[in-house]
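Trainee: Below are the sequence and a predicted model for it; my questions follow.
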Amino acid sequence: MTTADLSGNPRRFVLFTVFYNARAYYPVLAVLFLDLGLTLDQFVLLNLIWAATIFLFEVPSGALADTLGRRPLLITAAVLMVLEMLCLLLAPRHGGSLLFGLCILNRFLSGLSEACASGADEALAYDSLNESGREDAWDRTLGTVMRWRSVGFVIAMILGGLIYDPTVLNRILPEGFKLTEAVAHRLPIILVLIQGLICVGITLRMVEPPRHHSDELGNSCRNAFRLTLQTARWVFTNPHTLVIVVVGLSIDSIARNLATINSSYYVLIGLKEWTFGFIGASIGLLGWFVPAIAKRLNDRFSTLANLGIAAVVTLAGLAAVSQAWPIYGLIPAMLLMTTLGYLGFTISRALHREADSSKRATVLSVKGLAFNLGYGLFSLGFSRLLASFPDQPAGAALRHALLWQVPAFALFAAVLFAWAGFWWKRKSA
């Protein structure tokens, strides 16, 4: 196999990640499940199932990608995306146990699909680049991915919210083609199903980079398990990767938590619900400019310095968010959420530099597992913090929790970077 055979993989990686991640049901996800007939408690349980599935399969799937191949894992991820959408499309509205069972299957397949795609997509694209100048080429590829993912996110946020509301569609449709609410509520699902089929087509056209070994399935699975343990040990004993993952997940957890509860924060600062989709689209549009800024900062400063910049920006954003300024409080919230893109660029670049090809997907999966675990633990702590405050008047508990996390993060970050500075020098010495 020649290098020329792999030349189309980076472009296919860009297309795959855009169609795979920019899903039209994101702005209405919770409402979609509730309108099907689930209770809020059931929806929370479904999210726990989704997170638990990713947690269980994240690292094993990355190890399988490094042993069986990245292309088979990506094809599997795309097929699972189609199946998860079919579950929602076929789920009967107010269908009782059948509805709940199909939704559980949907969340399981979704989590498994995420785990299969995580790490394998980046690893395949990175290994497809020419070894000479690979780092610069990867920066350009990563920048292209982030920009086009932002475009896809903007379109998905706006389009998903609009097609879900039959009143908007019926204003432009001819009289004989008016849609019922039940039909309109399935349109975002149908659109994402089409995206899944496109992803299947893209992954089938991908070319597997040359492998250094070829094992039978049983040996590959045993090697995957062995590689999982070896890589996890390497990540958490290598000073640089340890610092990158621990510092990264600490910043990611608190910023991602705000992104998860953003609708509650928007209500707190007096924004109307109809604006939420457009706000999400605006954040996606801002993401178009993040790669250029991130590349410039990463070219100029060290990885640890860039993580420090991300921490300072996060602390400043948290301090401003805690004030809950009416309307204008949106600005620091958007700053925090765009910081996630800068952090992601920095961590991806650093980990690719540290890891060799034989374990690259596994390293990325270990990182994903650690980040999801950190996010889950922080969310649990934040929910307990919310519960410790009275919610009268409405929003008081959220206001207090946002205020308390500022000094907590400042103290934690100071200790963390003192440790990181010492640990980072251990490898440099």
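Mentor: On my side now, so go ahead.
Trainee: distance of residue 398 from residue 172?
Mentor: Distance of residue 398 to residue 172, computed by Cβ to Cβ, to the nearest Å: 38 Å. Every C-beta, even on glycine, is put in place using the N, C-alpha and C of the backbone.
Trainee: And those two? Which one has more around it.
Mentor: More neighbours surround residue 398 than the other of residue 398 and residue 172, with 20 against 7 (other Cβ atoms under 10 Å).
Trainee: from the middle of its chain, how far away would the lengthiest helix in the chain be?
Mentor: The helix that spans the most residues within the chain, counting by DSSP state H, is helix 396-428. Distance of helix 396-428 from the chain centroid (Cα atoms, centre = their mean, to the nearest Å) equals 22 Å.
Trainee: Who are the packing partners of it?
Mentor: Judged by 3 or more Cβ pairs under 8 Å, 6 or more residues apart in numbering; DSSP states H and E, the packing partners of helix 396-428 are helix 239-260, helix 262-268, helix 303-321, helix 360-387.
Trainee: Can you say which of these is nearest to residue 417?
Mentor: The closest of the helices and strands packed on helix 396-428 to residue 417 is helix 303-321. By Cβ to Cβ, the value is 6.2 Å.
Trainee: Show me which residues of the closest one are buried.
Mentor: 303-304, 306-311, 313-315, 317-321 (16 or more other Cβ atoms under 10 Å).
Trainee: Tell me the helix or strand right after it.
Mentor: As assigned by DSSP states H and E, the chain's next helix or strand after helix 303-321 is helix 330-354.
Trainee: that older thread, could you give the angle of the longest helix of the chain to helix 239-260?
Mentor: If you take axes from the mean of the first three to the mean of the last three Cα atoms, to 10 degrees, helix 396-428 sits at 170 degrees to helix 239-260.
Trainee: What are the buried residues along helix 396-428?
Mentor: Those buried within helix 396-428 under the rule 16+ other Cβ under 10 Å are 397-403, 405-406, 409, 413, 416-417, 420, 423-424.
Trainee: And stretch 202-209, by the same measure?
Mentor: Buried-residue list, stretch 202-209, by 16+ other Cβ under 10 Å: 202, 203, 206, 207, 208, 209.
Trainee: Closest one to residue 168 out of the residues you listed, please.
Mentor: residue 202 (30.7 Å).
Trainee: Helix or strand for the closest one, just tell me which one.
Mentor: Counting by DSSP H and E, residue 202 is part of helix 187-204.
Trainee: Which positions in that helix come out as buried?
Mentor: 187-193, 195-196, 198-199, 202-203.
Trainee: go on, stretch 163-173?
Mentor: Buried, per 16+ other Cβ under 10 Å, within stretch 163-173: 163, 164, 165, 166, 169.
Trainee: quick one: low-confidence parts of the stretch 301-429 of the chain?
Mentor: Applying pLDDT under 70 to the stretch 301-429 of the chain picks out residues 357-358, 361, 391, 426-429.
Trainee: which residue ranges form the helices in the stretch 101-250 of the chain?
Mentor: Secondary structure of the stretch 101-250 of the chain, counting by DSSP state H, counting those that start in this stretch: helices at 120-127, 134-164, 166-172, 181-184, 187-204, 217-235, 239-260.
Trainee: Can you tell me what sits against the fifth one?
Mentor: So the one you mean is helix 187-204. Contacts to helix 187-204, defined as Cβ atoms under 8 Å, 6 or more residues apart in numbering, come from residues 12, 15-16, 19-20, 22-25, 28, 32, 71, 74-75, 77-79, 81-82, 84-86, 88-89, 159-160, 163-164.
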